[in-house]
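1. no sequence for this one, just the structure:
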Ligand SMILES: O=CC(=O)O
């Protein structure tokens, strides 16, 4: 026999689907057109459910795990009112012209929005939604994991163990650097930087330093982090964690100038955007022993070609841009992007809107 909760679980989605169908039929019968929305990829279920159950838009979707080809995207956006996109789609003048004057909202399922031309969007009064906060914990967790994997040489050690390099226990073999008593430098202190600091405190870090466009006094006081110049951050840090947004000011900011000032045993971690780093300079710093190691979750380009010189270095750990990749986080991102889109279409306040 069904319990009440079982029947409710099965009954609820059916009712929602039925209601949506009725709403859509009624709109059609009244000769009303629903706003058209294009979704550029297969997305986690929560977001799609929210959009479908709203019954307030007509959805077309690129139903694949791979990006929609640009030529197809340019065709599909023609006449739409809402665009649900990912960080892989460049939303620029060409695309906005292809979309035409009906486009009201662009909602990206990402916290970063460097793939959107804000100037062009603003000119056209198109509102923009993004997904901060819901991914902070997952990104901070992955950043700490990448730091430990890099500083304690985990990937190299696993390879050695698997491939016969594990001769015997050796006092000087596979030594990395520990966090206890260290100084950690945060480049770009925001929500994610704060969450990283809070996770690193129990490891016994002695000092947290940060650099940003300006001091963030309230936040820094809360987590006991000290504002220093970029040079000072490079000189003093044992570990540098890049958590800033990609902007014209931060593009290429981590370059030979920075690497040449870092400690020779320092570890460099980037989970923000690849373009913040000059990869050629990083390669030389790693090869020449200017710094000890690097852990990257983001690169230029993405994917990084498998024959890229950085892949050949044992002291460089490269992940395929997975910082926010937990099931719960990706679902929350997809839901927030859907709610942003719906609010924008209605002309309501978005849960998370990029101020233009
Ligand atoms: O990189 C991931 C994001 O911007 O959400």
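-> Cool, got the structure. In this text, all values refer to a predicted model and were calculated from it rather than measured experimentally.
2. Any regions of the stretch 251-356 of the chain where pLDDT drops low?
-> Judged against pLDDT under 70, the stretch 251-356 of the chain has no low-scoring part.
3. That one: strands as residue ranges?
-> Assigned by DSSP state E, counting those that start in this stretch, the strands in the stretch 251-356 of the chain fall at 267-270, 293-296, 316-318.
4. With respect to residue 144, which of these lies nearest?
-> Nearest to residue 144 among these is strand 267-270; the distance by C-beta to C-beta comes to 9.1 Å. Glycine gets a C-beta too; all of them are placed from N, C-alpha and C.
5. what's the helix or strand hosting residue 128 packed up against?
-> Following DSSP states H and E, one finds residue 128 within strand 127-129. Applying 3 or more C-beta pairs under 8 Å, 6 or more residues apart in numbering; DSSP states H and E, we find strand 127-129 packed against strand 105-108, helix 327-346.
6. Partner strands of the first one and their direction?
-> Looking at strand 105-108 with DSSP bridges, its partner strands are strand 82-85 (parallel), strand 127-129 (parallel).
7. And for the longest one, what's in contact with it?
-> What that stands for is strand 82-85. 35-40, 43, 47, 51, 57, 77, 91, 99, 103-109, 115, 337-338, 341, 344-345 (C-beta atoms under 8 Å, 6 or more residues apart in numbering).
8. re the thing from before, following the strand holding residue 128, which helix or strand comes up?
-> In N-to-C order, the element after strand 127-129 by DSSP H and E is helix 136-151.
9. which one of the helices and strands packed on strand 127-129 lies closest to the ligand?
-> helix 327-346 (6.9 Å; C-beta to the nearest ligand atom).
10. circling back to that earlier point, please identify the deepest-packed of the helices and strands packed on strand 127-129.
-> Among these, strand 105-108 has the highest mean neighbour count (mean count of other C-beta atoms under 10 Å), at a mean of 28.
11. Distance from the chain centre to that one, please.
-> Centroid separation for strand 105-108 versus its chain: 16 Å, with C-alpha atoms, centre = their mean, to the nearest Å.
12. Outside of it itself, list whatever touches it.
-> Where contact means C-beta under 8 Å, 6+ apart, the residues beyond strand 105-108 that reach it are 81-87, 91, 115-116, 121, 126-131, 337-338, 340-341, 344-345.
13. how near is residue 142 to residue 269?
-> Computed as C-beta to C-beta, to the nearest Å, the residue 142 to residue 269 distance reads 10 Å.
14. Neighbour count for these two, which is higher?
-> The neighbour comparison of residue 142 against residue 269 (other C-beta atoms under 10 Å) goes to residue 269, with 26 against 21.
15. Could you list everything that one pairs with in the sheet?
-> Beta-bridge partners, per DSSP bridges, of residue 269: residue 241, residue 295.
16. Same check on residue 107?
-> With DSSP bridges as the criterion, residue 107 is bridged to residue 84, residue 129.
17. Show the pLDDT at it.
-> pLDDT recorded at residue 107 is 98.
18. And for residue 29?
-> 53.
19. What is the end-to-end distance of stretch 340-356?
-> For stretch 340-356, the first-to-last residue distance is 15 Å (C-alpha to C-alpha, to the nearest Å).
20. give the contact list for the closest residue to residue 109 other than its chain neighbours.
-> Of all residues not flanking residue 109 in the chain, residue 337 sits nearest, at 4.1 Å (C-beta to C-beta, 6 or more residues apart in numbering). Going by C-beta under 8 Å, 6+ apart, residue 337 touches 43, 47, 84, 107, 108, 109, 129, 130, 131.
21. likewise residue 241?
-> Neighbouring residues of residue 241 by C-beta under 8 Å, 6+ apart: 143, 147, 184, 185, 186, 187, 193, 196, 269, 271.
22. if we go to 6 Å?
-> 186, 196, 269 (C-beta atoms under 6 Å, 6 or more residues apart in numbering).
23. same deal with residue 204?
-> Going by C-beta under 6 Å, 6+ apart, residue 204 touches residue 180.
24. State the distance from it to the ligand.
-> Taking C-beta to the nearest ligand atom, to the nearest Å as the measure, residue 204 falls 29 Å from the ligand.
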